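Asker: no sequence for this one, just the structure:
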């Protein structure tokens, strides 16, 4: 007999992009905490992620989860030069806005606003979408993220040129590419394995 | 290019040791190593579990084909052949790509202010002939892959139930989803870095 999907409890689904804290409700059964082996635990990388149904679901393939998480951390947290953290988060938020991942956009628009202190611009990205005018440097990062997010991929020389004109060097451009590419990974998992819910 | 130690992204971009892009990638050493570790975990894991190598690379070749990048598509088609897949299965994947190609991302939002941004596009169904060639388990997987690649915001629990009913377990759906999602990352890094490489030449 086949398994069945989970029916999420009654909740309020967000109908707009928001910087508010959201929950995520899985459609497939996460591993139970008591059923997790040492390998499953290690794949979480951070023990605090034990509380997250998303990470306990992905822990069903622990090697894939662990390498995913370590890729993510270096792309976003490596402090060695390149693109400032705020703009790595901007690329993540723009990618999530264009793919339509309300949950991912909420997390990374909060980070983008926190690190850039440009709350109004981040809010405009969420409200107006990826065509919002955020000033040339941010517009260039958003446009590059959007072109990378299209399938087939529409990123070309013109995007590199525009990023260079905004002052990005090779490492910073590579950071834009990796941040947008990584959120094409994350958005697809978040969107297809569960759904967002308003907190409380 | 099939050796376990060859970095797939470097190979597909054409990054050679000592080049400027090699130096750029070296500044994010964990991202580089763990992207490759992700490839190994999803395509050449120590234990295949309930998803065969042939299924993993059939899905990989389908995802790569939908992204319409010649070098990446050729790489995954070659790995599918290495996995022992028959010519009939490889042909079925090629036909499946030709039947499924479109432009993404599209899809609908929950009813409300975002409804004005809803963009229509196909919910792909594998043709009867391709379904016979792929077999029912891969055919249902390919329909899910198309959803994830082109219109992931249309995902529903019913789509997952379709996979469960076709013999995919909760755990193998996680692996299948990771394969598609990881490739959505890997292919974008390849295309992005290749563009940066061309910019240098």
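Answerer: That came through, no problem. Keep in mind it's a predicted model, so treat the numbers as computed, not measured.
Asker: every contact and neighbour count from this point should use C-alpha atoms.
Answerer: Fine.
Asker: backbone phi and psi for residue A:25, please?
Answerer: When read as degrees, to the nearest 10, the backbone of residue A:25 gives phi -110, psi 120.
Asker: how many residues are close by it?
Answerer: By the criterion of other CA atoms under 10 Å in any protein chain shown, residue A:25 has 20 neighbours.
Asker: for it, give its distance to residue A:74.
Answerer: Using CA to CA, to the nearest Å, residue A:25 is found at 27 Å from residue A:74.
Asker: and the strands in chain A?
Answerer: Listed in chain order, the strands of chain A (DSSP state E) span A:22-26, A:194-198.
Asker: so which of those strands is nearest chain B?
Answerer: Closest approach to chain B among those is made by strand A:194-198 (7.5 Å; CA to the nearest CA).
Asker: so what secondary structure elements neighbour the closest one?
Answerer: strand A:22-26, helix A:102-116 (3 or more CA pairs under 8 Å, 6 or more residues apart in numbering or on different chains; DSSP states H and E).
Asker: out of these, deepest packed?
Answerer: Most buried of those, by mean neighbour count (mean count of other CA atoms under 10 Å in any protein chain shown): helix A:102-116, with a mean of 22.
Asker: turn the helices and strands packed on strand A:194-198 into CSV, columns for mean pLDDT.
Answerer: Shown next, in CSV, are the helices and strands packed on strand A:194-198 (pLDDT from 0 to 100):
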stretch, mean pLDDT
strand A:22-26, 98
helix A:102-116, 98
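Asker: what would the ones you listed look like in a markdown table with distance to chain B?
Answerer: Formatted as a markdown table, the helices and strands packed on strand A:194-198 follow (distance: least, CA to the nearest CA, whole Å):
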| stretch | distance to chain B |
| --- | --- |
| strand A:22-26 | 9 |
| helix A:102-116 | 9 |
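Asker: residues near residue B:135, how many?
Answerer: Close neighbours of residue B:135, defined as other CA under 10 Å, add up to 12.
Asker: and the pLDDT for the residue nearest the centre of chain B?
Answerer: For chain B, the residue nearest the mean C-alpha position is residue B:63 (3.5 Å; CA atoms, centre = their mean). On pLDDT, residue B:63 comes in at 98.
Asker: how about the secondary structure of it?
Answerer: Assigned by DSSP: H, G, I helix; E, B strand; the rest coil, the conformation of residue B:63 is helix.
Asker: equivalent analysis for residue B:47, please.
Answerer: Reduced to three states by three-state DSSP, residue B:47 is coil.
Asker: how about low-confidence regions in chain B?
Answerer: B:1-4, B:201 (pLDDT under 70).
Asker: would you list every one of the helices in it?
Answerer: B:8-13, B:20-26, B:29-43, B:53-66, B:70-82, B:87-100, B:128-134, B:136-150, B:157-165, B:170-200 (DSSP state H).
Asker: ok, residue A:123 to residue A:111 distance?
Answerer: Taking CA to CA, one finds residue A:123 at 12 Å from residue A:111.
Asker: make that residue B:141, sorry
Answerer: In terms of CA to CA, residue B:141 sits 35 Å off from residue A:111.
Asker: go on, residue A:20?
Answerer: 12 Å.
Asker: the longest helix in chain A is where?
Answerer: Assigned via DSSP H, chain A shows its longest helix as helix A:170-193.
Asker: quick one, that helix and helix A:102-116 angle?
Answerer: Interaxial angle of helix A:170-193 relative to helix A:102-116 (axes from the mean of the first three to the mean of the last three CA atoms, to 10 degrees): 150 degrees.
Asker: any bit of helix A:170-193 sitting next to chain B?
Answerer: Yes. For helix A:170-193, a contact with chain B is found by CA under 8 Å from any CA of the partner chain, at A:170-171, A:174, A:177-178, A:181-189, A:191-193.
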